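Q: Turn this into a model:
(one chain, ligands or ions: 1)
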Amino acid sequence: MSEKHRSDGDVMIRLEHLRKVFPGQSEPAVEDLSMEIYEGEIVVFVGPSGCGKTTTMKMINRIIEPSSGRIFIKGEDVTKANADQLRRNIGYVIQQIGLFPHMTIAENVATVPKMLGWQKGRIKERTEELLELVNIPVSYANRYPKELSGGQRQRVGVARAMAADPPIMLMDEPFGAVDPITRERLQDEFLRIQDDIRKTIIFVTHDIDEAIKMGDRIAILKERSVIAQYDTPERILTDPASEFVEDFIGSGASIKRLSLSKVRDIRTGETPVAYLTDSHEEVRSKLTDGKDYVLLLDRERKPKRWVSADDVARDDVPLKNAGWPAVAIVEENASLYDTLDTMITSYRGSAIVVDRDGSYRGVVDFETVLAAIEEMRPHESGPNGSPNGLKTFRNSPDGSR
Ligand SMILES: Nc1ncnc2c1ncn2[C@@H]1O[C@H](COP(=O)(O)OP(=O)(O)OP(=O)(O)O)[C@@H](O)[C@H]1O
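A: Below is the predicted model:
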């Protein structure tokens, strides 16, 4: 069950012809939405402002009552179920104003367990466990929300939503109100947590890049929550269903795809290597057959320095000072996007790939990455082909693009 992008999971949430017309409005906010959400997946709702994302999400926990249509959770029709009961099974994280300002961090996290009548000891234990999970020092338990940073408040919001261990979580722009660096960290942390907890999550965002990063599946919504495409990030990027989706993805679909591919999935190259403890003669012997550089490794095979023939010409310069430091290093699970970024800023235009322990595995250069991009392209020709390949992923049925 832990594999990403499964298509064979159990359906956790089924929405059938959901519709919402707010009182006094002539147009529906949500017109006729049907979809299935698989257990353990993160489904991201993304779409332009006012298209109905929040309304749709709030109908799932019935903060907003649907005008018509039905909601099933694990096959059970909950459209008319007791709404309080329902909400206990659904954690809810909202942007910014999520926390109760007059309650301490611990009290905020304990809201639902308290409502459920848990014993004090159990609540304390759970609160501490959750604060640890979301990276908040337990010593902050008695602080008030205003004494925390924006990122910390968001973490507490996530902890609170998870308190009673609900199988479903709704997250409405949960990381929207923090700076980009904190946001990225919160996203990474949350994905790490999700790897363990495997909740079924509906995640609302404006940001297509966040959707691509967080989603096992993405629902791109148009006005009135009409689904423009509901698919995996890969499929959305490689095969956008319409011009609307293409426009929503924006420019650089190929570049965005690079954030989904890992460097370990492509063929890495080799470079001559030697050890810092080797003799100069030994290092020089590797610089034959047109090889210009040798990568020097330490005893644990961690990359340390690049050297050329000139750098090792004199035996009196110790190898640990010869050449220049090897700094453009990426882990095998780095995305191609990050790898490319590292390569661009590196002196040699290549990156050294290491395993989790930091030991040398290989090198990648622009050619390797370009070859990988080439392989990602569908092998089609004709009117859809474009020389730079950047807009050719779309496989339109009418062959018009
Ligand atoms: N309580 C309400 N009463 C009347 N109209 C509402 C209400 N809540 C939302 N709407 C309208 O329903 C439509 C969808 O709003 P909703 O908040 O669901 O959109 P959204 O996609 O979440 O937007 P955003 O991304 O800007 O948060 C909008 O036109 C909005 O004005």
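Q: and the helix or strand hosting R70, which residues are buried?
A: For R70, the element it lies in under DSSP states H and E is strand 68-73. Using 16 or more other C-beta atoms under 10 Å as the test for burial, strand 68-73 gives 69, 71-73. Bear in mind the C-beta positions are built from the backbone N, C-alpha and C, glycine included.
Q: Check stretch 325-344 too.
A: Of the residues in stretch 325-344, those buried (16+ other C-beta under 10 Å) are 326, 328-331, 334-343.
Q: just to revisit the earlier point, near the ligand, which of the buried residues of strand 68-73 show up?
A: With C-beta under 6 Å from any ligand atom as the criterion, the buried residues of strand 68-73 include none near the ligand.
Q: Out of the residues you listed, which is nearest to E223?
A: Closest approach to E223 among the buried residues of strand 68-73 (C-beta to C-beta): G69, at 17.5 Å.
Q: now that closest one, nearest residue through space, not along the chain?
A: L18 (3.7 Å; C-beta to C-beta, 6 or more residues apart in numbering).
Q: next one: R314
A: H280 (7.9 Å).
Q: how about that neighbour, what does it touch?
A: Neighbouring residues of H280 by C-beta atoms under 8 Å, 6 or more residues apart in numbering: 312, 314-315, 319.
Q: repeat that with 10 Å
A: 274, 307, 311-319, 322 (C-beta atoms under 10 Å, 6 or more residues apart in numbering).
Q: Name the nearest of the residues you listed relative to the ligand.
A: V307 (54.4 Å; C-beta to the nearest ligand atom).
Q: Now do the helix or strand harbouring that closest one: which elements does it pack against?
A: Remark: V307 resides in strand 303-308, with elements defined by DSSP H and E. Applying 3 or more C-beta pairs under 10 Å, 6 or more residues apart in numbering; DSSP states H and E, one finds that strand 303-308 contacts strand 273-275, helix 280-286, strand 293-297, strand 324-325, strand 350-354, strand 360-365.
Q: Mind doing that once more with 8 Å?
A: The elements that strand 303-308 packs onto, with contact taken as 3 or more C-beta pairs under 8 Å, 6 or more residues apart in numbering; DSSP states H and E, are strand 293-297, strand 324-325.
Q: And the next helix or strand past the longest helix seen in the chain?
A: Counting by DSSP state H, the longest helix found in the chain is helix 180-197. Sequence order places strand 200-205 as the next helix or strand after helix 180-197, per DSSP H and E.
Q: Direction included, what does that next one pair against?
A: Next to strand 200-205 in the sheet, as set by DSSP bridges, lie strand 42-46 (parallel), strand 168-172 (parallel).
Q: show me what contacts the closest residue to the ligand within the stretch 251-400 of the chain?
A: Shortest the stretch 251-400 of the chain-to-the ligand distance, computed as C-beta to the nearest ligand atom: residue-wise this is K256, at 20.6 Å. Listed by C-beta under 8 Å, 6+ apart, the contact set of K256 reads 208-209, 212, 237, 249, 337.
Q: If any of those are buried, give me the PyMOL selection for them.
A: A single PyMOL command selects the buried members of the contacts of K256 (16+ other C-beta under 10 Å):
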select buried, resi 208+212+237+249+337
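Q: out of the contacts of K256, which one sits closest to the ligand?
A: I208 (12.9 Å).
Q: picking up where we left off before, starting at the chain centroid, how far to the strand holding R70?
A: Strand 68-73 sits 29 Å away from the centroid of its parent chain (C-alpha atoms, centre = their mean, to the nearest Å).
Q: What strands line up against the very next helix or strand once past it, and which way round?
A: Scanning forward in sequence from strand 68-73 by DSSP H and E, the next helix or strand is strand 76-77. If you go by DSSP bridges, strand 76-77 pairs up with strand 68-73 (antiparallel).
Q: any idea of the mean pLDDT for the partner strand?
A: For strand 68-73, the mean per-residue pLDDT is 95.
Q: and what of stretch 83-103?
A: Regarding stretch 83-103, the rounded mean pLDDT is 82.
Q: Just give me how far it sits from the chain centre.
A: Offset of stretch 83-103 from its chain centre (C-alpha atoms, centre = their mean): 23 Å.
Q: Ok, stretch 19-39 next?
A: The chain centre lies 27 Å from the centre of stretch 19-39; the measure is C-alpha atoms, centre = their mean.
Q: And for that stretch, what's in contact with it?
A: By C-beta under 8 Å, 6+ apart, stretch 19-39 touches 1, 6-7, 9-18, 43, 52, 55-56, 59, 64, 66-69, 167, 200, 202, 216-217, 219, 224-227, 230.
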